[in-house]
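> make a model of this:
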Amino acid sequence: MRFEGDGEPLSDDGPEIPVELVRTLLSLLRTRLGLDTAWLASFRDGMQTMEVLDGDAEAVNRSLGDRTSLSDSYCVRVIDGRLPAIIPDTAANQTTAALPVTSEWNLGAYVGVPVLSPTGATVGMVCAVSQEAKPYLAGIDLRVVNQVAELIGTLIESPDKGPNTTAAQRTAIRKVVYQRDFEVVFQPVHDVTSGRVMGVEALARFPHAPFRPDAFLAQAALLGLGIELETAILARVVSMVPRLPDEVFVAVNISPGAALVAPWAQMLADVDPSRIVLELTEHDAVLDYGALEDALEPCRSRGVRIAVDDVGAGFSSFSHVLELSPEFVKIDQSITRHIDVDDARRRLAHAIAELAGQMGATVIAEGVESQGELDAVGAVGIIAAQGFFLSRPRPVGHGFEPAEVTAEPADPLHTEVDLLGERRFELALAHSPIGMAVVGLDGTFLRTNRALRAMLGYSKSELAELTFQEITHPDDLDADLALLNDCLEGRRRSYRIDKRYIASDGRIVWGALTVVIVHAPRDRPRYFVSQIVDVTADRIREADLARQAATDPLTAVANRSAGWNRLEQLDASEAGYGVLFCDIDRFKSLNDQYGHRSGDRLLVEVAFRLREAVGPRDIVARWGGDEFLVITDSVDESELARLAEQITEDLDGKPVTLGDGAQVAVGLTIGCAVHHPGDGCSIDTVLDHADHAMYSNRKS
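Below you'll find the model as predicted:
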């Protein structure tokens, strides 16, 4: 392409442009919007070239003729709708904040509009930027940007020399999309230990330049056809699933943008969804994880599983893992490459594998190219891998027949547990301070580590003969089994609970338990992996603190706050309750005569005798200086009257010995009140009734 008028070609195959005219237009645009730098970039072969720059070029670290990849740019994302044309603050946009180009080019605010040729093809971009955010930028500012881009577009005409290969390439890409002119091949995913095929990854192959799948998809996105092409590939792969062995899952790459709009109900209608794994590509940040989860939920509820691709290659992949809780985590080949001779790569792979294990995800290492890499991958605890060393991509019918897949063993549970065989299991867990176990569906302990056995005091053989049900405290068993059943029925993939274990010597050990269910092919539950952290000391400390917070420090009975909480519990149960309002007779005069220390001794003794008189379910609370409240779940008024009489007689018959040896008779004035279910009385009303009854008893 070239521009009409006298121009300066920047390269042999670049456009001829009227530089001064375009620079004038860019200056007008930049000044009108209050931005620092504006430029015109042309697109060719997946690259953008800086053709004209106006303003502060150093601010964006660019110069005339610079060529950069379109796939890493704002431009391609504006064209396919992933980014708006105006971004007042790049730091406030999740996608732009995550893109490296934002910091590399010092982009604080951005405006960009594509330049279209007379034929409607996208041939470049008009952009204006600022190092600082510009909150005032709004949709109305697009008018001037569109006008500049349209004016430049009218200057474009077909070149006089040679064929326009870029235009031909665009035509070819459109043809591929519209005619579905692409091939799908499959690369196996292997179990690291046995070598068997666990699944396959579907890969698209294209018959026209730029040939490379990532470059072809990027070019399609520039034409606004990226999501349509992804959806077409997805539909083709789903239609081919019945032609692949039943034992393997089928993974297909899809961007978050395409996942939001794919017609899932239609696509999954004629296929077993549990065999489908959607690999979310790493390259794009997700603006709204809630919307993405909503779009994927109908798939996941039917058994579709999620994988996050290229983990470790960039920021977005880790965000996907944390936000989406995938069933598979695929470690990028940049980490796998030379992992056998690079300690840093091994440590990073091990960290990712541990994170995935905590979330119940299976880790797959991509790009395994040698026996050394395969051994290193297995040593850090990764159980699945793919790469040219193991097998190359191939079409359906070339090595995927069921006969060529290792048959399921006679004892599948034992074999699956062997995937955690002694070498890898001991390497990963021997020195772990966390108790861990592999537990069968019936609750038997198939594997245990030293930390768990030390925690509970059982030997390896003793635990092998027990079930987790037998060593779980009876009061916690139902809650644990309910969560376990949710996993078996597919309502959850993991759970966490604090529960009590019965140690070998009868001690109670509190454990923070995390359980993850592990599935066999076709999503059949096989066993559970449990992690148990000893939190007994924390529980004792918490209980002691709670007891102190609810206890009157002098008398050791409940304080007013704890008493009120008990009243609220009984009131909420709507079963009714009764209260005794107790006041020590002549306490002030006794306190004045014998001193405060003797008064405190008297309060302690009265509290003790009240506790002795009431039942185990009743609560005695110190309500005020010399006032106590007895709270009972009884609503029998005659029973409350008998209890009050018994307390009074007990105190009258046993004088209290004070600090100096003096003995004094102590009396209590008691008022009773009952809250009957449905009588409409509030807690305050019941207490008022008891207080009035106490006052009446004192007068009488």
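
> any low-confidence regions in the stretch 101-250 of the chain?
118-121, 156-169, 208-211 (pLDDT under 70).

> any chance you could map the helices in it?
Under the criterion DSSP state H, counting those that start in this stretch, the stretch 101-250 of the chain contains helices at 142-154, 165-179, 213-222, 226-240.

> any chance of CSV for those, columns mean neighbour count and distance to Q94?
Glycine gets a C-beta too; all of them are placed from N, C-alpha and C. As requested, these are arranged in CSV below (neighbours: other CB atoms under 10 Å; distance: least, CB to CB, whole Å):
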stretch, mean neighbour count, distance to Q94
helix 142-154, 17, 22
helix 165-179, 16, 28
helix 213-222, 21, 19
helix 226-240, 20, 19
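
> and of those, who's closest to F43?
helix 213-222 (6.8 Å; CB to CB).

> show me the domain layout of this protein.
As recorded under automatic domain parsing, the domains making up the chain are 2-157, 168-407, 413-539, 550-699.

> ok so, going back, quick one: closest of the helices of the stretch 101-250 of the chain to D650.
helix 226-240 (80.8 Å).

> what lies in contact with the closest one?
Outside helix 226-240, the residues that touch it by CB atoms under 8 Å, 6 or more residues apart in numbering are 80, 176-177, 180, 182, 184, 202, 204, 217-218, 220, 250, 252-255, 257-258, 261-263, 267-268, 271, 276, 396.

> rewinding a little: with distance to I517 added, can I get the helices of the stretch 101-250 of the chain in JSON lines?
Formatted as JSON lines, these follow (distance: least, CB to CB, whole Å):
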{"stretch": "helix 142-154", "distance to I517": "51"}
{"stretch": "helix 165-179", "distance to I517": "40"}
{"stretch": "helix 213-222", "distance to I517": "34"}
{"stretch": "helix 226-240", "distance to I517": "26"}
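
> mind checking these for the one nearest to L441?
Across these, L441 has its closest neighbour in helix 226-240 (30.9 Å, CB to CB).

> alpha carbons only: can I get that closest one in PDB?
C-alpha atoms of helix 226-240 as PDB (Å, rounded to 0.1, in the frame of the first residue of the first chain):
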ATOM      1  CA  GLY A 226     -10.600 -14.400  16.100                       C
ATOM      2  CA  ILE A 227     -13.500 -15.600  18.200                       C
ATOM      3  CA  GLU A 228     -15.300 -17.000  15.200                       C
ATOM      4  CA  LEU A 229     -12.200 -19.000  14.300                       C
ATOM      5  CA  GLU A 230     -11.800 -20.300  17.900                       C
ATOM      6  CA  THR A 231     -15.400 -21.300  18.000                       C
ATOM      7  CA  ALA A 232     -15.200 -23.100  14.700                       C
ATOM      8  CA  ILE A 233     -12.100 -25.000  16.000                       C
ATOM      9  CA  LEU A 234     -13.900 -25.900  19.200                       C
ATOM     10  CA  ALA A 235     -16.900 -27.200  17.300                       C
ATOM     11  CA  ARG A 236     -14.700 -29.400  15.100                       C
ATOM     12  CA  VAL A 237     -12.900 -30.900  18.100                       C
ATOM     13  CA  VAL A 238     -16.100 -31.600  20.000                       C
ATOM     14  CA  SER A 239     -17.500 -33.400  16.900                       C
ATOM     15  CA  MET A 240     -14.300 -35.600  16.800                       C
END
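
> the host helix or strand of L484: which residues count as buried?
Per DSSP states H and E, L484 falls inside helix 474-488. For helix 474-488, the neighbour count (16 or more other CB atoms under 10 Å) marks D476, D480, L483, L484, C487 as buried.

> I'd like the average pLDDT over it.
Helix 474-488 comes out with an average pLDDT of 91.

> could you report the neighbour count for L466?
15 (other CB atoms under 10 Å).

> ok so, going back, are any of the contacts of helix 226-240 buried, and if so which?
Buried residues within the contacts of helix 226-240, counting neighbours by 16+ other CB under 10 Å: 80, 176-177, 182, 184, 202, 204, 217-218, 220, 250, 252-255, 257-258, 262, 267-268, 271, 276, 396.

> from these, which land in strands?
Residues of the buried ones among the contacts of helix 226-240 located in strands (DSSP state E): V184, A202, A204, V250, V252, N253, I254, I276.

> the helix or strand that contains Q593 packs against which elements?
Per DSSP H and E: Q593 is located in helix 587-594. The helices and strands touching helix 587-594, judged by 3 or more CB pairs under 8 Å, 6 or more residues apart in numbering; DSSP states H and E, are helix 596-613.

> next, the buried residues of the helix it packs on.
598-599, 601-607, 609-611, 613.

> that helix: how far from the chain's middle?
In terms of CA atoms, centre = their mean, to the nearest Å, the centre of helix 596-613 is found 54 Å from the chain centre.

> so how far is the next helix or strand after it from its chain's centroid?
Remark: after helix 596-613, the chain's next helix or strand is strand 619-622, criterion DSSP H and E. Strand 619-622 has its C-alpha centroid displaced from the chain centroid by 45 Å (CA atoms, centre = their mean).

> stretch 203-222 now?
With CA atoms, centre = their mean, you get 32 Å for stretch 203-222.

> show the end-to-end separation of it, please.
End-to-end distance for stretch 203-222: 21 Å, by CA to CA, to the nearest Å.

> repeat for stretch 93-104
One end of stretch 93-104 to the other measures 16 Å (CA to CA).

> can you map out the strands along the stretch 501-650 of the chain?
Counting by DSSP state E, counting those that start in this stretch, the stretch 501-650 of the chain has strands at residues 508-520, 524-534, 577-584, 619-622, 627-632.
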